[in-house]
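Undergrad: quick one, fold the following:
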Amino acid sequence: MQMMRQAVLAVADRPVVSGFFRSSPVVRGLVDRFVAGETLDEALVVCRELADRGMALTLDELGENVHTQEEVDAAVTTYIGILRRLHAERLEPNISVKLTMLGLDLGDEVARDAIVKVLDVAREVGGFVRVDMEGSAYTDRTMQIFHELHDTYPSEVGIVIQTYLYRAERDVRDCIERGARVRLVKGAYAEPVTVAYQERSQIDDNYVRLMELLLDHGNFPALATHDPALIRSAIGYVQRMHIPLDTFEFQMLYGVREDEQRRLAEAGFGMRVYVGFGTEWYPYFSRRIAERPANALFVLRQLRGSG
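TA: Model (predicted):
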């Protein structure tokens, strides 16, 4: 499974493959399954539908790795606009951001200054900003910036921890000590053995261990997984330990296991859906394909047929 994901991610970076994804009407239907449109208006239609079903949401305009101050300023304006629009539409102003979208490649201070502007507006509208975790090359810097932000915006900012990284337990324990809100995920990047577990069983075992730690001691942890075994493990632990259902939530991606999303919500669990939208959807989409072998095989068949 891990080897297939790494192979798919490696192939996805090739220009001929990315060009096929962007232009093929056959693959476009698969894109639309995971991406809630290219505009905020299109994404808000999805958000209203989710809210009507009793689900919470986090909205993310997809994109990463900008390289000019003008792009940083544009991203800040966009994120602020999304928060204000969600508030005006009486939808929860909850968003996810990537620090590389806010200029991390230009320097830590650039990204820090940019996200502070977003967090000021989040505080104004009663919103929340989740800092997404990216590839391991950015982990140290992301965590350091997050710690500084959390000192000033403890109610407005949270972080993502990836359980395939060896350092994950240290980061989770640090967040628990700080009272910081954690979104726990397996991880979606192709990482080397020097920094990350490679076997699915190791990643899953670490997820369960850190999930239980967060359920016991964390501040409203978000259990982000589509894995049926991990969901069963979480529910079983919650029931055995008599953990109140309003002290944590499940999170899933838009377009993935929608029946399970509804089932969890109807059973009384907090269920938040991560809704990605925008024109820069390709990196996000390729990671979703890499996570699901059936989708990867479908795309490979389409590529072979187009040759």
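
Undergrad: separation between residue 134 and residue 147?
TA: Distance, residue 134 to residue 147, using Cβ to Cβ, to the nearest Å: 17 Å. For the C-beta atoms, the positions are set from N, CA and C on the backbone; glycine is no exception.

Undergrad: more crowded one of those two?
TA: residue 134 (21 against 14; other Cβ atoms under 10 Å).

Undergrad: could you measure that one against residue 224, distance?
TA: 15 Å.

Undergrad: again with residue 243
TA: Counting by Cβ to Cβ - residue 243 and residue 224 are separated by 17 Å.

Undergrad: comparing these two, which shows the higher neighbour count?
TA: Higher neighbour count among residue 243 and residue 224: residue 224, with 22 against 15, using other Cβ under 10 Å.

Undergrad: report pLDDT for the more buried one.
TA: Per-residue confidence (pLDDT) for residue 224: 98.

Undergrad: how many residues are close by the closest residue to it other than its chain neighbours?
TA: Distances taken as Cβ to Cβ, 6 or more residues apart in numbering put residue 251 closest to residue 224, at 4.0 Å, once the chain neighbours are dropped. Residues near residue 251, counting by other Cβ under 10 Å, number 23.

Undergrad: over to residue 168?
TA: Residue 168 - counted by other Cβ under 10 Å - has 26 other residues nearby.

Undergrad: isn't residue 184 right up against residue 214?
TA: Yes - here residue 184 reaches residue 214: they are 6.3 Å apart, a contact under Cβ atoms under 8 Å.

Undergrad: what's the overlap in contacts for the two?
TA: By Cβ atoms under 8 Å, 6 or more residues apart in numbering, residue 184 and residue 214 have these common neighbours: 172, 221, 223.

Undergrad: in strands only, show me these.
TA: Counting by DSSP state E, these place residue 223 in strands.

Undergrad: closest to residue 93 out of the shared contacts of residue 184 and residue 214?
TA: residue 221 (20.6 Å; Cβ to Cβ).
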